[in-house]
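1. Pasting the sequence and the predicted model now:
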2 protein chains.
Amino acid sequence: MDYPLPLVTVDAVLLTLRAGGLEIALHQRDRAPYKDAMALPGGVVHVDEDASTEASIRRVLRDKTGFEPRYLEQLQVFSGPGRDPRKWSLSVSYVALVPAAELEAATQAGFRFVSVDALPPLAFDHADIVAAAVARLRGKSSYSTLPFFLLPERFTLTELQHTYEAILQTRLEKSNFRRKMEAWGVLEATEDYVLGAQRPARLYRLKDFALFDRSVG
Amino acid sequence: MDYPLPLVTVDAVLLTLRAGGLEIALHQRDRAPYKDAMALPGGVVHVDEDASTEASIRRVLRDKTGFEPRYLEQLQVFSGPGRDPRKWSLSVSYVALVPAAELEAATQAGFRFVSVDALPPLAFDHADIVAAAVARLRGKSSYSTLPFFLLPERFTLTELQHTYEAILQTRLEKSNFRRKMEAWGVLEATEDYVLGAQRPARLYRLKDFALFDRSVG
C-alpha cells in the first residue's frame, strides 16, 4: 500500500452522576502532545493484540482504571489533519455510563471529576467529544432505560427519578414518573428497604439489563 | 511512532426506495481483495487531501457516482484483524438516503440495485454494515422525518405514507397517518396537483430540511 495511513486512537467519555449532576472522569496527560492538559482516557489501537476498536478501548480502560464498564457504546468518529499535532488522526470515541461509587473506586491517581457544564480546557478536540456524548445521553434518555446504568444495582424510586431529572435537566412530576416506569414494566421490587426521611423506601432493580427503548417496536 | 497503523477506509450504504421496498446500490469490485464481488462504494482515506472521514466518503461518492447525497449520516466503525485480508482494518461507515430517480441517474456502469432483504454475497463485512444501516433507518423512522429524504422534493401524501410503510414494514391507517403528519407541522402544501386514479392529489414538500425528531425536546 502506497498511501500514508492516519493515526488511529480510541477515547472514552466516562459519564457518571455526582452531587446531583452529570460529571466525567478526566485524567492529566503525562506526555506530549498536550502534556499536562486534562484529557479523556484513551490510547492508540494495537493491531497486534486488539480484536476491534471496542477491544482497544476496553484494554485502555482496564490498564488505566482497572475496570470494565457495564454500559459502553460507540459514539462517533472524530477525524482530520488538525486535531492532533503529530499527524492526520482519527479517534473512535465511546461513551460509558458508570455508577459514581464504581468510577470513584476505579479512577485513582491522576483522574479528576468535573461537571459536564464546567469543563476545563481539554486536549485535542476532546471538548467536542464530551459534548457529543452528553447530547447522545440526553437525546436517548427520555425514551429509554439508559439512565439506569448510572445507578447502583439497587436503588429507590426517588433516586431513579433524580437521575432522570439530572440528565433531562427538568423536574418530573412524581406520580406521572412512577406511572410511566410501571407502564414500561422494567422495574423489579426487591424485599429490601432503606430508611428515608419519612418512612422506609423500597429498593428496586432493573428487570434485566437489556436496554429498553420505547421508540423501537 | 513505533506501532503499526491500521488500514482506514470509508464505505457508504446508499439506501433508496424502489418498487415499494428498500434497496441499496452496490458496485462490482474491479480489483483484489474480493475482485468481482459486489460491495458498498468506498475507498481509503487520503490524508493529503481529506479534511475528515466525512470529506473522504463525499470524495469517493463524487468520484464513483458524481453526486452529493442530501442526507448523509455517520453510521458506525467496523474494525478488526480479519475483515480485510490485507491487514488490520477499520471502516468508518456512512448511510445516505437518496431518492430513487436521483440515485439511478448517478450510478451508471458497474452499479446494481438490490433489495436489502435479498442481498447477494458481499465483500468484506459489508453485509453487516448494510444490516446496521437498515436497523438505524427503521429505528429512527417511527419518530422522525428521516423517510422524507427518500422522496423527491415534492410528493403526494399517499407517496409519503407508502414510504413510511415500506420502511416500517407495516400498514398504516390513512387518517391516523395524516393526523400525525399534521400534528408534527412539517408539511407544506404546494399549489400543484398530480392526476390520481380517482381525483387530483395535491403535492406537498417538507417545510425545511432540518431533521425533525420527535424524541428530542
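-> Looks like it arrived, so ask away.

2. Can you check the pLDDT for the closest residue to residue A:192 other than its chain neighbours?
-> In space, and not counting its chain neighbours, residue A:192 is closest to residue A:203: 4.7 Å by CB to CB, 6 or more residues apart in numbering or on different chains. C-beta here means a position set from N, CA and C on the backbone, and glycine is covered the same way. Here the pLDDT value assigned to residue A:203 is 96.

3. Give me the helices and strands touching the strand or helix carrying residue A:203, please.
-> Using DSSP states H and E, residue A:203 falls within strand A:201-206. With contacts taken as 3 or more CB pairs under 8 Å, 6 or more residues apart in numbering or on different chains; DSSP states H and E, strand A:201-206 sits against helix A:157-168, strand A:187-194.

4. Packed most tightly, which of these would that be?
-> helix A:157-168 (a mean of 18; mean count of other CB atoms under 10 Å in any protein chain shown).

5. picking that back up, measure the residue nearest to residue A:192 to residue A:158 for me?
-> 11 Å (CB to CB, to the nearest Å).

6. quick one on the thing from earlier: so which residues make contact with the strand holding residue A:203?
-> A:145, A:148, A:153-158, A:160, A:186-190, A:192-195 (CB atoms under 8 Å, 6 or more residues apart in numbering or on different chains).

7. now do stretch A:93-108
-> A:10-18, A:23, A:25, A:27, A:40, A:54, A:57, A:61, A:65-67, A:69-78, A:113, A:129, A:132-133, A:136-137, A:146, A:149-152.

8. Would you mind checking those residues for buried ones?
-> By neighbour count, with 16 or more other CB atoms under 10 Å in any protein chain shown, the contacts of stretch A:93-108 hold A:10-18, A:23, A:25, A:27, A:40, A:54, A:57, A:61, A:65, A:67, A:69, A:72-78, A:113, A:129, A:132-133, A:136-137, A:146, A:149-151 as buried.

9. Near the residue nearest to residue A:192, how many other residues are there?
-> Residue A:203 has 18 neighbouring residues, counting by other CB atoms under 10 Å in any protein chain shown.

10. For it, give its distance to chain B.
-> Residue A:203 sits 30 Å away from chain B, going by CB to the nearest CB, to the nearest Å.

11. And for residue A:191?
-> Residue A:191 is 36 Å from chain B, by CB to the nearest CB.

12. Narrow the contacts of stretch A:93-108 to those in strands?
-> Of these, the ones assigned to strands by DSSP state E are A:10-18, A:23, A:25, A:27, A:71-78, A:113.

13. which of these come close to chain B?
-> A:74, A:76, A:77 (CB under 8 Å from any CB of the partner chain).

14. and those residues as JSON lines, adding pLDDT?
-> Converted to JSON lines, these look like this (pLDDT from 0 to 100):
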{"residue": "A:74", "pLDDT": "97"}
{"residue": "A:76", "pLDDT": "96"}
{"residue": "A:77", "pLDDT": "98"}
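
15. about what we covered before: mean pLDDT and distance to residue A:93 added to the helices and strands packed on strand A:201-206, as a markdown table?
-> Putting the helices and strands packed on strand A:201-206 into a markdown table (pLDDT from 0 to 100; distance: least, CB to CB, whole Å) gives the following:
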| stretch | mean pLDDT | distance to residue A:93 |
| --- | --- | --- |
| helix A:157-168 | 94 | 19 |
| strand A:187-194 | 94 | 31 |
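
16. starting at the chain centroid, how far to the longest helix along chain A?
-> Longest helix in chain A by number of residues (criterion: DSSP state H): helix A:126-141. Mean-position distance between helix A:126-141 and its chain equals 9 Å (CA atoms, centre = their mean, to the nearest Å).

17. which helices and strands sit right next to that helix?
-> By 3+ CB pairs under 8 Å, 6+ apart, helix A:126-141 packs against strand A:7-18, strand A:21-28, strand A:71-80, strand A:89-97, helix A:157-168.

18. Residue A:170 falls within a helix, correct?
-> No. Under DSSP: H, G, I helix; E, B strand; the rest coil, residue A:170 sits outside any helix and is assigned coil.

19. quick one, phi/psi of it?
-> phi -150, psi 160 (degrees, to the nearest 10).

20. measure it to chain B for me?
-> Residue A:170 is 11 Å from chain B, by CB to the nearest CB.

21. if I pick that residue, what's in contact with it?
-> For residue A:170, the contact set (CB under 8 Å, 6+ apart) is empty.
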